[in-house]
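Chemist: with the input below, show me the fold.
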Amino acid sequence: MKIGTVHRITGVHPLLNGTGAAIWLSDLKTSDLLRTQSALQRGLSALGWHSLVRRYVRYDETVLVVDAPTDQLYTACELLEWATGVDPNELDFQSVLAFQQKERVPHWQAVKGWALANGLPVFDCEDEITLGMGRWSHTFPVREIPSIEVLKNNDIRAIPSVYITGTNGKTTTARMLAQMARAAGYCDGLTSSDGVMIRGEWKERGDWTGAGAARMVLRDQTVDFAVLETARGGLMRRGLVLDAVDTAIVTNVSDDHLGAWGIRNSDDMAEVKLAVGFGVKLGGSLILNAESTVLRQAYQRLQFRLKGRRLLWFSSRQRTNMDAWFARDRLWLQVNDKPQAVVHVNEVPMLMGGAAMHNVENALAAICAGHQLGLSVGSMAAGLRHMRPDATHSRGRSNIFKIGGATILVDFAHNPDGMRRVFELVSAFPAQRKMLMFGQASDRSLPLLEELAYQAASLNADRYYLKELPSYSYGVSARHVPEILKAGLMHKGISLEHIELGGTEVEITQKVLSDVRDGDLLVLLSHAHIDAVVDLVQEAVDRFKRLAVQ
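Modeler: Residues are numbered from 1 along each chain as shown. Reported below is the predicted structural model:
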């Protein structure tokens, strides 16, 4: 038996309805499982927890999950580690009991229970508890929480809030919705794979899509509208920070990040993504992409856990029973059982006249959520009009630059579906010479890497630059993935003379910019150093403009 990840579950989770802990095991024999489950059950009884041991088989791993009180999650992890390494006839786990006595804070549990019983927003981490959200939040160290009588005198309220997840389009949808909220006069707090922003100003940079990012926004006392991008990793490791948001969006689901956390196919991924719906309060709404068959099917399987939430659909085409859709060059919304045009595609730069169909879908998702959160049609339209495909408004997503007669597109696309959508967009651009930079981390499966190469071949570029990602090589050579991609391109008929291996995103960008010509189309797909790539292209644009003036 091999022991993998042991982790605390701090909120509603795909495998659990509340707080607890999980341990991931592989190479598990039946005797190991029986021994571990027996030890766990005895340990739970000794700790005074009336909890069952849940077992899930995920891909080639077994996950054992236990419920645990909020103030004893580290104890739960200690218990899981103890149970996988002891003789079932021994119950000498005094260190676990000692850990429990050290960790317990009974008043913490009592306050959280009081808040939940009274319908008040409440969330916590290992050292702080927060009641309320954003501008109405009150945060205390868990060992210094006032009495419930004192807390009753605080003004504890919720603010409009949304979880956003999906394979592609999460960040753009989140940015669009945040911009709509700002147009309506709110102070928006935004988490995304680019960082945390408060009213358009950076608070943290980097991939902030987990529980820590959500807590940062929800504890900021200037924020009165929370837009929380929520990624697969955060969902599987910690779960959701809060189970009382107003609405949640799943933009789409396709193959990516398969193999990790027991997610073996797009069906599994869809179920994980739909976990954001578990964090929507009763009476709230779950917004799904009607064009995603795998998402529709996963919803059918999970309906029992999603009861009490209103289901809304958006679509990039006019279909029956849609809540938001695209038709006759306009984005439409169902308002009081009547269709209402929100905005024309030509008014929204990110939609590029309807050529950027993936952004049409993102905008529809944002419109649907905005309406549920009380934003007016005018505010939503104003927010969308403000969004531009540049480094200021949508950094790293559909960023289009011009250097003379050359067009450069920088985008975050890093899976086959994302690439397909980018290629649909650039097919409208005239080009005498096409060049593509792409690549992927080495933790992706061989079939997914091959599909990535096949999708790249469909662009029929004049030059393919296969980037190295040393920080994402996971123990193999940085040339390992480029070699696989090269083979995939050649399998689809791309000759070796059109393929160049090696170089980081920054090095390749510098190289292609040094040889850019009128009529070129450069597609730079960057996700490891996207800020640096965007800055290099912007510098090249500025340099060209200075020379043109001289």
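
Chemist: shaky segments in the stretch 251-400 of the chain?
Modeler: 255-259 (pLDDT under 70).

Chemist: swap in 50 and give it another go.
Modeler: For the stretch 251-400 of the chain, no stretch has pLDDT under 50.

Chemist: can you give me the strands in it?
Modeler: Taking DSSP state E, counting those that start in this stretch to define them, one finds strands in the stretch 251-400 of the chain at 280-289, 310-315, 324-327, 330-335, 338-344, 399-403.

Chemist: quickly run through the sheet partners of the longest one, with directions.
Modeler: Spelled out, it's strand 280-289. strand 245-250 (parallel), strand 310-315 (parallel) (DSSP bridges).

Chemist: got TSV for those strands, with distance to residue 124 too?
Modeler: For glycine as for every other residue, the C-beta is placed from the backbone atoms N, C-alpha and C. Shown next, in TSV, are these (distance: least, C-beta to C-beta, whole Å):
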stretch	distance to residue 124
strand 245-250	16
strand 310-315	28
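
Chemist: single out the most deeply packed of these.
Modeler: Among the strands paired with strand 280-289, ranked by average contacts under mean count of other C-beta atoms under 10 Å, first place goes to strand 245-250 (a mean of 28).

Chemist: neighbouring contacts of that one?
Modeler: With contact meaning C-beta atoms under 8 Å, 6 or more residues apart in numbering, strand 245-250 is reached by 158, 160-166, 173, 226, 228, 270, 273-274, 276-277, 279-281, 284-289, 292, 295, 365-366, 368-369, 372-373.

Chemist: now list the buried members of those residues.
Modeler: Among the contacts of strand 245-250, those classed as buried by 16 or more other C-beta atoms under 10 Å are 158, 160-166, 173, 226, 228, 270, 273-274, 276-277, 279-281, 284-289, 292, 295, 365-366, 368-369, 372-373.

Chemist: of the strands paired with strand 280-289, which is nearest residue 38?
Modeler: strand 245-250 (38.5 Å; C-beta to C-beta).

Chemist: any idea how far the closest one is from the middle of the chain?
Modeler: Offset of strand 245-250 from its chain centre (C-alpha atoms, centre = their mean, to the nearest Å): 13 Å.

Chemist: any idea of the mean pLDDT for that strand?
Modeler: For strand 245-250, mean pLDDT is 98.

Chemist: quick one: end-to-end length of stretch 189-197, please.
Modeler: 6 Å (C-alpha to C-alpha, to the nearest Å).

Chemist: which parts of it are buried?
Modeler: Under 16+ other C-beta under 10 Å, the buried positions of stretch 189-197 are 189-197.

Chemist: next: stretch 532-545.
Modeler: Neighbour-count burial for stretch 532-545 [16+ other C-beta under 10 Å]: 533-534, 536-538, 540-541, 544.

Chemist: quick check: residue 534 touching residue 410?
Modeler: Yes - at 5.6 Å, residue 534 counts as touching residue 410 under the criterion of C-beta atoms under 8 Å.

Chemist: what sits in contact with each of these two?
Modeler: Joint contacts of residue 534 and residue 410 (C-beta under 8 Å, 6+ apart) are 396, 399, 526.

Chemist: got the contact list for residue 463?
Modeler: 433-436, 498-500.

Chemist: equivalent analysis for residue 212, please.
Modeler: residue 125.

Chemist: adding distance to residue 103, write the strands of the stretch 251-400 of the chain out as JSON lines.
Modeler: Formatted as JSON lines, those follow (distance: least, C-beta to C-beta, whole Å):
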{"stretch": "strand 280-289", "distance to residue 103": "29"}
{"stretch": "strand 310-315", "distance to residue 103": "39"}
{"stretch": "strand 324-327", "distance to residue 103": "46"}
{"stretch": "strand 330-335", "distance to residue 103": "49"}
{"stretch": "strand 338-344", "distance to residue 103": "51"}
{"stretch": "strand 399-403", "distance to residue 103": "47"}
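
Chemist: packing partners of the lowest-mean-pLDDT helix or strand in the chain?
Modeler: The helix or strand of the chain with the lowest confidence, counting by mean pLDDT, DSSP states H and E, is strand 53-58 at a mean of 84. If contacts are counted by 3 or more C-beta pairs under 8 Å, 6 or more residues apart in numbering; DSSP states H and E, strand 53-58 sits against helix 30-47, strand 61-67.
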